[in-house]
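# here is the input, now give the coordinates:
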Amino acid sequence: MFKLTINKEDIIFSKIVEIAKAINEAISRLDELVKKQIKGDREGVTAETIRIKSIYERVAMIREEIVSMLYGEAFLPDFKESMMMLNQALYNTMKAVKDSSRAISSRKPNEVLTKTLGDGLLTYLTTITEAGERLISMVSLMKTDMKEAIRIGKEIQLMERNGDDVKDMLIQRLYDSESVADVISVLQIKDVIIFMDDILDYMEEATLSIETLYATLKA
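Below you'll find the model as predicted:
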């Protein structure tokens, strides 16, 4: 029975890593989507949106598999609770990527806003991409080196705070451009910025769930 539990834990860890890699893939596609939007490539934007939705659906399936395992097998309550928190945080991260792509592709944004905020959005995505890469490292190390996983999590938390500064700058530039864009375009870009902020926020939640797991294991 003990051996069976270890095997099931290994499966859950591997599925968590699979989700993190999928998130990173989706972030890469989001970066391409924004670049194509800036270039005015609407067909390219639509194609990237479809790819991101496909990744999201794959992550949703893996999430359900993890939930089923956690409730269908005999795990320690603290482990189950922490992994549920992590699983949900990662799913929410992926959903925020999908929502960002949907907000961009829902209608053609105002060209002035796109040119004004394009570089800032790409800068924001650079931070998100770096955080996504660390997310993979963090969850990959959970099983073998929890202290190192937590250290990488601290780096993600720092990126989230740095991302807040970029978000505030983008929002301010957006409001400064209200005179050259219609209200719907302003609201559309604001949604894009907020959803991108959610990506980093949910990554931070993922780091906190790992800290919680480590604290319960030490207790």
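
# do a quick rundown of the helices in this structure.
2-39, 42-72, 77-105, 111-141, 146-176, 183-218 (DSSP state H).

# show me which residues of the third one are buried.
Right, the one you point to is helix 77-105. Across helix 77-105, burial judged by 16 or more other Cβ atoms under 10 Å covers 79-83, 85-105. Quick note: C-beta positions are derived from backbone N, CA and C, even for glycine.

# same question, the fifth one
Taking 16+ other Cβ under 10 Å as the basis for neighbour counts, the residues of helix 146-176 that come out buried are 146, 149-150, 152-153, 156-157, 159-160, 163, 166-167, 170-171, 174.

# which residue lies nearest the spatial centre of this protein?
With distances taken as Cα atoms, centre = their mean, Thr93 lies nearest the centre of the chain, 3.2 Å away.

# isn't that residue right up against Ala22?
No. If you go by Cβ atoms under 8 Å, Thr93 and Ala22 don't touch, sitting 10.1 Å apart.

# hang on, the earlier thing: TSV for the helices of the chain, including mean pLDDT?
As requested, the helices of the chain are exported to TSV (pLDDT from 0 to 100):
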stretch	mean pLDDT
helix 2-39	87
helix 42-72	95
helix 77-105	94
helix 111-141	93
helix 146-176	94
helix 183-218	91
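
# what's the end-to-end length of stretch 98-116?
Stretch 98-116 has an end-to-end distance of 23 Å (Cα to Cα, to the nearest Å).

# what about it, distance to the chain center?
19 Å (Cα atoms, centre = their mean, to the nearest Å).

# now stretch 155-168
Using Cα atoms, centre = their mean, the offset of stretch 155-168 from its chain centre is 13 Å.

# and for stretch 178-188?
For stretch 178-188, the distance to the chain centre is 26 Å (Cα atoms, centre = their mean).
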